[in-house]
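Trainee: Quick one, what's the 3D model for this:
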Amino acid sequence: MAAPSDVPAAQPASRTTKIAVVGAGAVGSTLAFAALTRGSARTIALLDIDREKVDAEVLDLQHGLMFTPQAHVIGSDDPAVCEGADVVVVTAGAKQKPGQSRVDLAEATIGLMRNILPGLVEAAPDATYLMVTNPVDVVTYAALKISGLPPERLFGSGTVLDSSRLRVVLAERCGVAVGNVHAYIAGEHGDSEIALWSSASIGGVPLLDWVPVGGAGPIDAATRAEVHHEVVDSAYRIIAGKGATNYAVGLAATRIIEAVLKDERRIMPVSSLLEDYHGISDVCLSVPSLVDRRGVTSTVRVPMSDDELAGLRASAESVRAVQRRFGF
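Mentor: Residues are numbered from 1 along each chain as shown. The predicted model follows:
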């Protein structure tokens, strides 16, 4: 029998996860905080051109490490801080002002993407890229063209937040917990977005068949119109009151990141490049999609009414018109 070797057997390399957040403003810093408290990754890296700002955000987050799952927080104004990232989240962009539409933000934000994306891809060529910057659908399409990354590995946060807003409002109207509501907003993350009422359900009951409980009113056509208006208008109300949305979008983006890092195969209405989705192609738009460690691997063809399908196509044309304005 051969003598046992004195050399220990090789151990498999430990697998750690890293999120790089580009932009240390309200959304980026809130996203980093949400990821830290949820234990989304072992390393959270912040990148911002304002070195003093990013250093301060990193220090503030580090001072809370005693109260969070084990993690390492770093930051820099050098894209090299993103090296080795599994997911790169881009939140940097022009700040939306009260009364300003998302489309108004497009020109400056696309210019910023031209400047920053090549360096990011060089630093983290194998990462999955999540675009959170508004107008997210147009920016995502431009980022795909600028970066040359495959469509499954670069996509936008889309209407994940809008769908959460829809579910919250419906839960309040129906007197149930939000976790019992299953409904999606699709299309543009913006004014032309649509609610997919025909596939929505509460506790397994189709929303259109829902019988009110506990004194709640029916979800009739008038109520659905009110709910949809409330969802579309909510971002403008928040921006008018405090200058920016940050908490919910930070949580929504973190949840998308976790679906990638944990290979969850979760269905989420993210914004990705569509090819023949109900006849819609060559535009980034939000529809229910499968998200896992590879990114966006497929779309889900949920049933739609004629009105919903017409609304989705109109939303696609609205986004395309903006794309064409900027040469895409």
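Trainee: Excluding sequence neighbours, find me the nearest residue to V249.
Mentor: By the measure of Cβ to Cβ, 6 or more residues apart in numbering, the closest residue to V249 outside its immediate chain neighbours is L161, 5.3 Å from it. (C-beta placed from N, C-alpha, C; glycine too.)
Trainee: Next up, phi/psi of that neighbour, please.
Mentor: For L161, the backbone dihedrals (degrees, to the nearest 10) come out as phi -70, psi -40.
Trainee: Repeat that for I44.
Mentor: With angles defined as degrees, to the nearest 10, I44 shows backbone torsions of phi -120, psi 120.
Trainee: how much space is there between the nearest residue to A35 once chain neighbours are set aside and R38?
Mentor: Take A35 and drop its neighbours on the chain: the residue closest to it by Cβ to Cβ, 6+ apart is T254, 4.9 Å away. The spacing between T254 and R38, counted by Cβ to Cβ, to the nearest Å, is 6 Å.
Trainee: How about the residue nearest the centre of the chain: what's its closest non-neighbour residue?
Mentor: Ranked by distance to the mean C-alpha position of the chain (Cα atoms, centre = their mean), the top residue is S157 at 2.1 Å. Nearest residue to S157 in three dimensions, chain neighbours excluded: V132, at 4.8 Å (Cβ to Cβ, 6+ apart).
Trainee: Spit out the contact partners of the one you found.
Mentor: With contacts defined as Cβ atoms under 8 Å, 6 or more residues apart in numbering, the neighbours of V132 are 27, 31, 89-91, 156-157, 249, 253.
Trainee: Next: T297.
Mentor: The neighbourhood of T297, defined by Cβ under 8 Å, 6+ apart, consists of 152, 290-291.
Trainee: What's the mean pLDDT across stretch 286-299?
Mentor: For stretch 286-299, the mean per-residue pLDDT is 97.
Trainee: What are the buried residues along it?
Mentor: In terms of neighbour count (16 or more other Cβ atoms under 10 Å), stretch 286-299 has its buried residues at 286-292, 295-296, 299.
Trainee: Identify, from those, the entry nearest to L309.
Mentor: Using Cβ to Cβ, V287 is the member of the buried residues of stretch 286-299 that lies nearest L309, at 11.3 Å.
Trainee: My guess is that closest one contacts L274. True?
Mentor: Yes: V287 is within contact range of L274, at 7.0 Å (criterion: Cβ atoms under 8 Å).
Trainee: Mind listing the shared neighbours of the two?
Mentor: Between them, V287 and L274 share the neighbouring residues T299, with contact defined by Cβ under 8 Å, 6+ apart.
Trainee: Ramachandran coordinates for P150?
Mentor: Recorded main-chain torsions at P150 are phi -70, psi 150, according to degrees, to the nearest 10.
Trainee: burial measure for it, as a count.
Mentor: Other residues within reach of P150 by the criterion other Cβ atoms under 10 Å amount to 11.
Trainee: The one 5 residues further on now?
Mentor: The local packing of F155 (other Cβ under 10 Å) involves 29 other residues.
Trainee: give the contact list for the residue nearest to the centre of the chain.
Mentor: 130-132, 136, 189, 249, 252-253, 256, 270-271.
Trainee: quick one, helices of this structure?
Mentor: According to DSSP state H, the chain carries its helices in the segments 26-38, 51-62, 106-123, 136-147, 160-174, 221-242, 247-261, 306-325.
Trainee: out of these, deepest packed?
Mentor: helix 136-147 (a mean of 26; mean count of other Cβ atoms under 10 Å).
Trainee: re earlier: can you redo the contacts of S157 as a markdown table with distance to A142 and pLDDT?
Mentor: As requested, the contacts of S157 are exported to a markdown table (distance: Cβ to Cβ, whole Å; pLDDT from 0 to 100):
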| residue | distance to A142 | pLDDT |
| --- | --- | --- |
| L130 | 15 | 98 |
| M131 | 9 | 98 |
| V132 | 14 | 96 |
| V136 | 11 | 94 |
| H189 | 15 | 94 |
| V249 | 20 | 96 |
| A252 | 21 | 97 |
| A253 | 19 | 98 |
| I256 | 20 | 98 |
| V270 | 16 | 98 |
| S271 | 12 | 98 |
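Trainee: low pLDDT regions in the stretch 151-300 of the chain?
Mentor: In the predicted model, the stretch 151-300 of the chain carries pLDDT under 70 at residues 215.
Trainee: quick one on the thing from earlier: out of the contacts of V132, which two sit at the greatest distance?
Mentor: L31 and G156 (14.2 Å).
Trainee: mind giving me the domain ranges of the chain?
Mentor: In terms of domains, the chain is parsed into 18-156, 160-325 (source: automatic domain parsing).
Trainee: Could you check how far the first one is from the centre of its chain?
Mentor: Spelled out, that is domain 18-156. From the chain centre to the centre of domain 18-156 is a distance of 11 Å (Cα atoms, centre = their mean, to the nearest Å).
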